[in-house]
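[1] generate a structure from the sequence data that follows.
(chains A, B, C, D, E and F)
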6 protein chains.
Amino acid sequence: MAKIGKLTILLLISSEEEEKELLKKISNLGYKICQGKAGTMDSKELIAAIETTAKREGIFHAGCYREEHAVYHAALNSLRGFCRGEIGIGNFLRTIGVKFVVLKGPLDTAQSDLGEWVSVGIYGMVGAPIKGFEHEAIGLEINHF
Amino acid sequence: MAKIGKLTILLLISSEEEEKELLKKISNLGYKICQGKAGTMDSKELIAAIETTAKREGIFHAGCYREEHAVYHAALNSLRGFCRGEIGIGNFLRTIGVKFVVLKGPLDTAQSDLGEWVSVGIYGMVGAPIKGFEHEAIGLEINHF
Amino acid sequence: MAKIGKLTILLLISSEEEEKELLKKISNLGYKICQGKAGTMDSKELIAAIETTAKREGIFHAGCYREEHAVYHAALNSLRGFCRGEIGIGNFLRTIGVKFVVLKGPLDTAQSDLGEWVSVGIYGMVGAPIKGFEHEAIGLEINHF
Amino acid sequence: MAKIGKLTILLLISSEEEEKELLKKISNLGYKICQGKAGTMDSKELIAAIETTAKREGIFHAGCYREEHAVYHAALNSLRGFCRGEIGIGNFLRTIGVKFVVLKGPLDTAQSDLGEWVSVGIYGMVGAPIKGFEHEAIGLEINHF
Amino acid sequence: MAKIGKLTILLLISSEEEEKELLKKISNLGYKICQGKAGTMDSKELIAAIETTAKREGIFHAGCYREEHAVYHAALNSLRGFCRGEIGIGNFLRTIGVKFVVLKGPLDTAQSDLGEWVSVGIYGMVGAPIKGFEHEAIGLEINHF
Amino acid sequence: MAKIGKLTILLLISSEEEEKELLKKISNLGYKICQGKAGTMDSKELIAAIETTAKREGIFHAGCYREEHAVYHAALNSLRGFCRGEIGIGNFLRTIGVKFVVLKGPLDTAQSDLGEWVSVGIYGMVGAPIKGFEHEAIGLEINHF
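    Sure thing, here's the model as predicted:
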């Protein structure tokens, strides 16, 4: 029994050792999963990385606008939460180094009748373009798929 | 070796059983901790709950504006991340039921020379004022103390 | 051949005489339609009016969170467009008198393979709480259903 | 009897055949009109296209800052409504293809004593940089001239 | 030789002794002036105070929507600048105690040909609802009249 | 007896003759001061100019992230206030020519027990990329240091 958001968060903050186990568990709970990393000062690069990874890993069908729309808005709002205000990275003289996770499946594994949902999580460091001048941030958005 | 944000997130999403262990571990790492729960449609009630709890548990000294300022802006921005856009709960016909966590201590336990920081995390459900029509959200802000 | 957004806009700005004809035409194109009016200084009242009308008229099934989620976010973003900035009515000393329209159906009647979408439009007057001190505004959001 | 916003919207969504008739009608009602098209990922390009067209077509006098100020803020807020949130196109990995319309004249043709106003409308498609992955959006702002 | 914004700011931060002299000087430069004070947790109360004062002091004619529109948007944006983010006072658990100033006249007294403009400035304290837990903030917007 | 915000504003709007006197007075009140000028269409350039100047003039220690964090967020929010809405300059087809001031010291010289604070102020012209098509704006943020 688990919720899509908590699973996304757990995967975001897992160490390399925990990750393998967690991926298997989440997969067994009926989720499609993809993840990746991005280091950038350009917000559209992060969104593109999430979309490209999600398409390649089959979270959404390449030709299906409806599904891409669900993932796009989850990614955009996840980034908005990560930025804690309006979306901005390089234009605010910030740089980010993050891991992102996309899950598709039930909202809550204890309730099978709520249909499919998608969750996009972003976790990592945000800071000045000076080594070590950075702290953590997290963003999460859940959308109906 | 741990970071203030990840510890905040771990505590936010911990089960009751995990919580006790985690609180001890985080405390041993040198953090002051407080946490609480809030269910509300009114954003100022959540901010007040965070501030009151943090003051009562000694995260900041009751008479010290400087410290309260650090906690307040961490709480406000954490809520902004939770809301994924401008801050709004009841005025957007939403209701929330959340756990919040405040940690004060090092940014990263592996680096002792970065001074004191405060982290405010909010995690829980947000949704329509209809039973079960809700999904998870998370917010996190880290501020120098 | 028509698009969901243009049909929503046409219905929003139609006169009473045009409305009857238009409703029939849009219905024949395969859309479920509902509409209503609201005069308020409270943003949640407008969102509630849209949701209640959409539920009563069968745009979404009363017990289906997935569908309600699609309508809610379309309504919220439509209101954001109407407000041209952050959402705010009475708290900005404004009052609104609007018509709203919700359509559910194809994104574009010329393309049958894009699945179901929902469109929420808001059109009317916004202004000071002084008679006649007001001008028009419009908001529109289209979401996958 | 017509309002500046509704006339702007009608022109925005008119077909090529309807446009000619509509332009004549709006002109006879006492409005100065200009319109254009823009396809871009860069928000400043759309604003520049609106300003340049409005200046060339005599909506505002080239040397008059006061008038340019009225048009600029109408264009900026119209774009904000179109974006349904903070202004962002390419930086959010979106592209737009739109028609824009600027009208200058009475707020309401039934009331001759309200002075001059300007209306900027934007209507068209917004979406991913993938052919066909897009839906409609509209923005409108009315400003005193 | 002076600019409308700098004059507004000077009046905002003037002491009681400086104020009298300054009012005379600004008036002699050809500006209409009004000012007032407000202490509130409710954003619409501050906007109402600015509008009411401006109307009573003849900054705009009571029956003239065009002029009220210019003042309203200057006040709203001045408050937005004061809030440094989205507009929010009590809903963010903040309280404010401010002086506001409205000037109507030339943008720059050295240039007589730029028409009439209006400036709204807000300056004072913003903080927690705890005595002494507050710092200064300022907002300024200039609009064509 | 003076407050950090008012001193920042006074220095921002001072003429060259007043500046010398004012710098001496503010310095004698116990503040560290730096100031500079920037003309740009790029928001990150202004933030970089403020940070670079503050570092060079010793407002914060080059290797101290905690202090840089305080200055960065003061600068970012000051710019947000200057922009009266979301941060945007060139992407909104605007250009700015501003003076900025950073003060570090007491919140209020009459209260010695409130610890150290930092204030970032931005004042100058914002407008279209057309000579003379511009008006004044101001931004100010005060942060605990």
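[2] need the outlier residue of chain A, farthest from its centre.
    Each residue of chain A has a distance to the centre, and by C-alpha atoms, centre = their mean the biggest one is for residue A:130: 25.4 Å.
[3] flag every residue of chain A that's near chain D.
    Taking C-beta under 8 Å from any C-beta of the partner chain as the test, the list of chain A residues beside chain D reads A:42-44, A:47-48, A:51, A:65, A:68-69, A:72, A:76, A:86-87, A:91. (Each C-beta comes from the backbone N, C-alpha and C, glycine too.)
[4] ok, residue A:49 - how many residues close by?
    18 (other C-beta atoms under 10 Å in any protein chain shown).
[5] returning to what we had before: and the residue farthest from the centre of chain A, what does it touch?
    By C-beta atoms under 8 Å, 6 or more residues apart in numbering or on different chains, the contact list for residue A:130 reads F:65, F:68.
[6] wait, is it part of a strand?
    No. Counting by DSSP: H, G, I helix; E, B strand; the rest coil, residue A:130 falls outside a strand, being coil.
[7] what pLDDT does it get?
    pLDDT, residue A:130: 94.
[8] re earlier: as TSV, the residues of chain A next to chain D with neighbour count would be great.
    Below are the residues of chain A next to chain D laid out as TSV (neighbours: other C-beta atoms under 10 Å in any protein chain shown):
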residue	neighbour count
A:42	17
A:43	24
A:44	19
A:47	25
A:48	17
A:51	22
A:65	24
A:68	22
A:69	25
A:72	24
A:76	23
A:86	22
A:87	23
A:91	22
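[9] in TSV: those residues, plus secondary structure, distance to chain C and pLDDT.
    Shown next, in TSV, are the residues of chain A next to chain D (DSSP: H, G, I helix; E, B strand; the rest coil; distance: C-beta to the nearest C-beta, whole Å; pLDDT from 0 to 100):
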residue	secondary structure	distance to chain C	pLDDT
A:42	coil	25	98
A:43	helix	19	98
A:44	helix	20	98
A:47	helix	17	98
A:48	helix	20	98
A:51	helix	15	98
A:65	helix	6	98
A:68	helix	9	98
A:69	helix	5	98
A:72	helix	10	98
A:76	helix	12	98
A:86	coil	10	95
A:87	coil	15	97
A:91	helix	19	97
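[10] pick out the most distant pair among those.
    Spanning the widest gap among the residues of chain A next to chain D are A:65 and A:91, at 28.6 Å by C-beta to C-beta.
[11] quick one: the residue farthest from the centre of chain A from residue A:136, how far?
    Distance, residue A:130 to residue A:136, using C-beta to C-beta, to the nearest Å: 16 Å.
[12] which element is residue A:98 on?
    Assigned by DSSP states H and E, residue A:98 belongs to strand A:95-108.
[13] tell me which residues of the next helix or strand after that strand come out buried.
    Heading C-terminal from strand A:95-108, the first helix or strand you meet, by DSSP H and E, is strand A:111-127. Within strand A:111-127, the residues scored as buried using 16 or more other C-beta atoms under 10 Å in any protein chain shown are A:114, A:116-127.
[14] same question for stretch A:5-23.
    Buried, per 16+ other C-beta under 10 Å, within stretch A:5-23: A:5-14, A:22.
[15] interface residues of chain A facing chain B?
    Within chain A, the residues that sit near chain B (C-beta under 8 Å from any C-beta) are A:3-6, A:9-10, A:13, A:77-78, A:80-82, A:84-85, A:107, A:117, A:123, A:135-142.
[16] so which of those also contact chain C?
    Near chain C, by the rule C-beta under 8 Å from any C-beta, you find A:107, A:117 out of those.
[17] list the contacts of the residue of chain A found nearest chain E.
    Nearest residue of chain A to chain E: residue A:85, at 6.6 Å (C-beta to the nearest C-beta). Taking C-beta under 8 Å, 6+ apart as the criterion, residue A:85 is in contact with B:77, B:80, E:85.
[18] look at it and tell me its secondary structure.
    Assigned state for residue A:85: coil (three-state reduction, three-state DSSP).
[19] what distance do you get for it to residue B:119?
    17 Å.
[20] kindly report the same for residue A:140.
    If you go by C-beta to C-beta, the gap between residue A:140 and residue B:119 works out to 16 Å.
[21] can you check residue A:116 too?
    Distance from residue A:116 to residue B:119, by C-beta to C-beta: 33 Å.
[22] related to what we said a few turns ago, near chain F, from the buried residues of strand A:111-127?
    Applying C-beta under 8 Å from any C-beta to the buried residues of strand A:111-127, those adjacent to chain F are residue A:127.
[23] tell me the one of the buried residues of strand A:111-127 nearest chain D?
    residue A:120 (13.4 Å).
[24] so what sits opposite the closest one in the bridge?
    Beta bridges link residue A:120 to residue A:102, residue A:141 when assigned by DSSP bridges.
[25] these two touch, right, it and residue A:78?
    Yes. If you go by C-beta atoms under 8 Å, residue A:120 and residue A:78 touch, sitting 4.3 Å apart.
[26] what touches both of the two?
    A:100, A:139-141.
[27] which of these has the most neighbours?
    residue A:140 (31 neighbours).
[28] which residues sit in contact with that one?
    The contact partners of residue A:140, taken as C-beta under 8 Å, 6+ apart, are A:5, A:8-9, A:78, A:81, A:119-122, B:136-138.
[29] now for those residues: which two are most distant?
    Across those (C-beta to C-beta), the longest gap, 14.8 Å, separates A:122 and B:136.
[30] show me what contacts residue A:12?
    When contacts are counted by C-beta under 8 Å, 6+ apart, residue A:12 is found next to A:99-101, A:121-123, A:138.
[31] a markdown table for those residues, including pLDDT?
    A markdown table is the format used below for the contacts of residue A:12 (pLDDT from 0 to 100):
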| residue | pLDDT |
| --- | --- |
| A:99 | 98 |
| A:100 | 98 |
| A:101 | 98 |
| A:121 | 98 |
| A:122 | 98 |
| A:123 | 98 |
| A:138 | 98 |
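[32] okay, those in a markdown table with distance to residue D:59 next?
    Shown next, in a markdown table, are these (distance: C-beta to C-beta, whole Å):
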| residue | distance to residue D:59 |
| --- | --- |
| A:99 | 50 |
| A:100 | 45 |
| A:101 | 49 |
| A:121 | 47 |
| A:122 | 43 |
| A:123 | 48 |
| A:138 | 47 |
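[33] which one of those is nearest residue D:35?
    residue A:122 (40.1 Å).
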